[in-house]
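Q: Give me the fold of what follows.
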Amino acid sequence: MKRTKMLFVALFAMACWATTASAQETASATATATIVTPIAITKDVDMNFGNVAVQSTTGGTVVLAPAGTRTATGGVTLPATGGTVTAASFTVTGTSGYTYSITLPTTALTIANGANTMTVTNFTSDPSGTGTLTGGTEVLNVGATLNVSAAQPAGTYVSATPFDVTVNYD
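A: Just a heads-up that it's a prediction; the model follows:
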């Protein structure tokens with residue numbers, strides 16, 4: 001009888017241990033993070049619409065493409081001596097193969113010569129909207145539209161503050 005009791009207690013203890021052991025399991029995992037090269041943008045060349053002529057009775061626009069070419073509308077003409085004509089140019093750097101989004105100004109930029117002003121609007125870029133960092137770098141060119149009033153006074157017009165172009169990894 002003692003032996004049976006002992007066997008019963010031993011079996012009961014093993015059953016409790018087996019139930020406890022199979023009711024709980026543990027696994028381990030590690031945590032990893034990779035810090036990528038931060039995206040950066042550097043201005044290489046400022047935007048310049050070059051020499052522009054306007055009629056006294058009709059205003060118009062100069063559209064400067066990201067490629068650096070320009071066209072005139074309305075009473076605006078582009079003289080044969082074009083002056084310095086450049087789209088704004090930036091270098092974007094970061095992790096090779098990553099894509100990024102481009103944010104251009106959405107409000108008019110005022111350029112002035114004393115009290116005389118014009119506005120720059122409709123900013124465009126190449127690449128447009130998004131770009132891809134091939135070899136960790138890409139050139140981003142920005143054009144825009146210059147709005148010229150009729151009889152716009154002669155002079156060199158410059159923005160008091162620069163315009164911002166923002167890039168961000170997608």
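
Q: can you pull out the helices in this protein?
A: For the chain, the helices defined by DSSP state H cover 2-23.

Q: low-confidence ranges in it?
A: 1-22 (pLDDT under 70).

Q: hey, where'd the strands end up in it?
A: 40-45, 53-54, 60-64, 70-74, 76-77, 88-93, 99-103, 109-113, 116-126, 130-132, 137-148, 158-159, 166-169 (DSSP state E).

Q: Distance to T26 and mean neighbour count for those strands - can I get that in CSV?
A: Where you see a C-beta, it was placed from the backbone N, CA and C, and this is true even at glycine. CSV is the format used below for the strands of the chain (distance: least, CB to CB, whole Å; neighbours: other CB atoms under 10 Å):
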stretch, distance to T26, mean neighbour count
strand 40-45, 45, 13
strand 53-54, 79, 18
strand 60-64, 65, 22
strand 70-74, 69, 15
strand 76-77, 76, 18
strand 88-93, 45, 18
strand 99-103, 41, 16
strand 109-113, 62, 16
strand 116-126, 54, 17
strand 130-132, 44, 15
strand 137-148, 47, 21
strand 158-159, 64, 12
strand 166-169, 37, 14
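
Q: Ok, which of those strands comes nearest A33?
A: Nearest to A33, of all the strands of the chain, is strand 166-169, at 15.3 Å by CB to CB.

Q: In its sheet, which strands sit next to the closest one, and in what direction?
A: Neighbouring strands of strand 166-169 in its sheet, by DSSP bridges, are strand 99-103 (antiparallel).

Q: Off-centre distance for the partner strand?
A: 4 Å (CA atoms, centre = their mean, to the nearest Å).
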